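Student: whatever this is, show me its structure:
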Amino acid sequence: MINEAKIINQPYSGQYEERIYDIPSSWNSQKWTWIKFSNEDFSEWCGEFRGSPRYVAISKKHNSILVLTSDYLYQLDRISEELIEYETQRQYNNLILTPSGDFIISDSYSIELVKSTIKEKQSIVSPIHMDMIKFHSWLNNKLLITCEEFLNWDRHVELELNCETLEITMKKDI
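Tutor: Residues are numbered from 1 along each chain as shown. You can find the predicted model right below:
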């Protein structure tokens, strides 16, 4: 069972046992992401994923791992280490794990809660139309988010997402 995952630079040949998670497509980039996985027995191995690295997160609640690259959003089973689902990257920019063990993802304009698989997502409503969303840090059960108001790029805003109620509130203009 996988306990840790970390984005690393390309390892030396033979440094880790390697497993390739490639999706056949003529639209794939030539870039790769390497993730070092650590299992509960302290063994380490490396997964290779198509696309430039963005984020990786592990949910013990859902026994799954999400790997976000420039090409795909991958979902692996934490126990079997197998690929469960994948989604062609629709320009997700952020991926974070809530304190309760759920995944939150965003593109530049919207935020979604990933349920048990990446095929099951719930949109999270914002009080403004957002652009250039960035996730920052958790303070208790609230995620600090910055963005610009869509079509009003002079307005920089701080928002908070309450992960228990899934409500986004305005914190302040920056």
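Student: for I7, what are its contacts?
Tutor: Contact analysis of I7 by CB atoms under 8 Å, 6 or more residues apart in numbering lists T33, W34, I35, P53, Y55, V56. In short, each C-beta sits where N, CA and C put it, glycine included.
Student: partners of it in the sheet?
Tutor: I35 (DSSP bridges).
Student: and it, how far is that from W34?
Tutor: 7 Å (CB to CB, to the nearest Å).
Student: overlap of the contact sets of those two?
Tutor: Counting by CB under 8 Å, 6+ apart, the contacts common to I7 and W34 are P53.
Student: thought Q91 was touching S106?
Tutor: No. In terms of CB atoms under 8 Å, Q91 does not count as a neighbour of S106; the distance is 9.9 Å.
Student: what bridges to D131?
Tutor: E148.
Student: ditto for E48
Tutor: Per DSSP bridges, the residues bridged to E48 are I20, W34.
Student: and for it, the neighbour number?
Tutor: Using other CB atoms under 10 Å, the number of residues around E48 comes to 15.
Student: swap in I23?
Tutor: 16.
Student: could you give the secondary structure assignment for it?
Tutor: Recorded secondary structure, I23: coil (DSSP: H, G, I helix; E, B strand; the rest coil).
Student: quick one, what contacts it?
Tutor: Contacts for I23 (CB under 8 Å, 6+ apart) come out as R50, D71, Y72, Y86.
Student: quick check: I128 vs C147, distance?
Tutor: For I128, the distance to C147 - CB to CB - is 8 Å.
Student: show me the common contact partners of those two, please.
Tutor: The contact sets of I128 and C147 overlap at V157 (CB under 8 Å, 6+ apart).
Student: so which of those two has more stuff around it?
Tutor: C147 (24 against 15).
Student: so what pLDDT did that one get?
Tutor: Here the pLDDT value assigned to C147 is 94.
Student: show the contacting residues for it.
Tutor: Contacts of C147 by CB under 8 Å, 6+ apart are I128, M130, D131, M132, I133, K134, H156, V157, L159.
Student: how near is E164 to E4?
Tutor: 26 Å.
Student: same check on E160?
Tutor: For E160, the distance to E4 - CB to CB - is 28 Å.
Student: same thing with F150?
Tutor: According to CB to CB, F150 and E4 sit 37 Å apart.
Student: just D41 next, same as before
Tutor: For D41, the distance to E4 - CB to CB - is 12 Å.
Student: cool, S137 as well?
Tutor: Taken as CB to CB, the span from S137 to E4 is 20 Å.
Student: show the low-confidence segments of this protein, by residue range.
Tutor: For the chain, the stretches with pLDDT under 70 are 90, 174.
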